[in-house]
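*Asks:* here is the input, now give the coordinates:
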Amino acid sequence: MNIPCEFNIDTASVELRFADGTEISIYTPGVDDEICPTVPMQTEIDWLIYNEPLTYARLVFSGELAQYAKAMAGTHGFMD
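*Replies:* This next block holds a predicted model:
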């Protein structure tokens, strides 16, 4: 399923739009506050937000964002 999804820099949100007109907005700073990422983890999260917002949304909804960011830390920037 292809779901239009993009990061809106003006609202700091990842926005998803479904075929039935439903829209969901994920406020990214709020997610960050919940998982308290390290700098390398935050780099991975930021990379996802800008480059793969749909994957970011899927990880948020599945509750796996923190585990993903921890496992991928250093892949797109800072190392521990």
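*Asks:* can you get me a residue count around residue 52?
*Replies:* Taking other C-beta atoms under 10 Å as the criterion, the count of residues near residue 52 is 14. Placement of C-beta: from N, CA and C, glycine included.
*Asks:* equivalent analysis for residue 72, please.
*Replies:* 16.
*Asks:* pLDDT on the biggest helix by length in the chain, on average?
*Replies:* Among the segments of the chain that qualify as a helix by DSSP state H, the longest is helix 39-51. Mean pLDDT, helix 39-51: 92.
*Asks:* that helix packs against which elements?
*Replies:* helix 28-35, helix 53-62, helix 65-72 (3 or more C-beta pairs under 8 Å, 6 or more residues apart in numbering; DSSP states H and E).
*Asks:* the residue nearest in space to the middle of the chain and residue 21: what is the separation?
*Replies:* The centroid of the chain falls nearest to residue 56 when counting by C-alpha atoms, centre = their mean (3.3 Å). Using C-beta to C-beta, to the nearest Å, residue 56 is found at 22 Å from residue 21.
*Asks:* re earlier: buried residues in the longest helix of the chain?
*Replies:* For helix 39-51, a neighbour-count test (16 or more other C-beta atoms under 10 Å) marks 40, 41, 42, 43, 44, 45, 46, 47, 48, 49 as buried.
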